[in-house]
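Visitor: Sequence plus predicted model, see below.
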Amino acid sequence: MNREPLVVAIDGPAGVGKSTVARRLARRLGVPYLDTGAMYRALALHLLEHGIDPEDRAAVTAALPEIRIELRVADDGRAEVLLAGEPVESRIRSAEVAAATSRAAVHPEVRQRMVTLQRALACRHGGVLEGRDIGTRVLPAARWKFFFDAPPDVRAERRLRDLRDSGAESTMEVVARELAERDARDRERESSPLVAAADAVLVETGSAGVDELVDRLAASILGRPAAGA
Ligand code: DC
């Protein structure tokens, strides 16, 4: 029998806990986990390292042919993002890269490149793909679509914790402002703005723990009630 690979789309703004839930859900379902934001971040890292202004569409488009971004499914199931053949994870989490990323991500040429890679991975291996436009643009036919959201203060707190965990220093005020700016750019851009797909299940993550969310999503996908439900 020819079974379609299992594909799950998770979208939502920064700081709603998408990555943690998506990673664990993917492990539970036995499919790769792809953090699509990491791909845009890798591209922004290349631009920063080569002195290319992420807002300059012509310059970014001209650089695209020499920016080599690939996905490699690692042993733990994670789809690792490679830039010029090297893993980038440890170099893409700074506030500087985040700001450049949301500026570069507005260009349709950039998005097209990423969407092609994301679709190829999902088609070949299935996966839990997490980002901003997975349910609307990348995989509009996906059977499972979730849109995560949480109040701004909860999201800023989570972001600050993540930054501190990765060794960076910041304050609540700075993180909240950067988050609001990034949100506005993501929601207002013309090409694939951040918006819930009409058929996405809305998930409020402000008051739910990771375990509970993973259980709920896995139960709805696998068609079994969560324990205690
Ligand atoms: O999820 P993140 O914070 O790593 O995303 C970084 C930036 O990349 C964010 O500003 C939005 C953008 N992005 C996007 O435009 N489309 C995606 N599918 C994923 C991320």
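Guide: Perfect, thanks for sending it. Keep in mind the model is a prediction, meaning the values are calculated, not measured. Residues are numbered from 1 along each chain as shown.

Visitor: Chain neighbours aside, what residue packs nearest to residue 197?
Guide: Nearest non-adjacent residue to residue 197, counting by CB to CB, 6 or more residues apart in numbering: residue 135, 3.6 Å away. All C-beta spots, glycine's among them, are computed from the backbone N, C-alpha and C.

Visitor: How about the contacts made by the one you found?
Guide: By CB atoms under 8 Å, 6 or more residues apart in numbering, the residues touching residue 135 are 9, 11, 142, 145-147, 196-197, 199-200.

Visitor: Give me the pLDDT for the residue nearest to the spatial centre of the chain.
Guide: Here the mean C-alpha position of the chain is nearest to the C-alpha of residue 131 (CA atoms, centre = their mean), at a distance of 3.0 Å. Reading off the confidence values, residue 131 has pLDDT 97.

Visitor: Pull up the gap between it and the ligand, please.
Guide: Here residue 131 is placed at a distance of 3 Å from the ligand (CB to the nearest ligand atom, to the nearest Å).

Visitor: need the contacts of residue 135 in TSV with pLDDT, neighbour count and distance to the ligand, can you?
Guide: Output for these, formatted as TSV (pLDDT from 0 to 100; neighbours: other CB atoms under 10 Å; distance: CB to the nearest ligand atom, whole Å):
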residue	pLDDT	neighbour count	distance to the ligand
9	98	28	10
11	97	27	8
142	95	20	13
145	98	22	13
146	98	30	14
147	98	22	13
196	96	17	14
197	96	19	13
199	96	11	18
200	97	21	14
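
Visitor: Pick out the most distant pair among these.
Guide: Maximum pairwise distance among those (CB to CB): 13.3 Å, between 142 and 196.

Visitor: ok, which residues in the protein are in contact with the ligand?
Guide: Listed as neighbours of the ligand in the chain under the rule CB under 6 Å from any ligand atom: 14, 36-37, 40-41, 101-102, 105, 131-133, 182, 186.

Visitor: Please repeat the previous calculation with a cut-off of 5 Å.
Guide: Within the chain, the positions adjacent to the ligand are 14, 36-37, 40, 101-102, 105, 131-133, 182, 186 by CB under 5 Å from any ligand atom.
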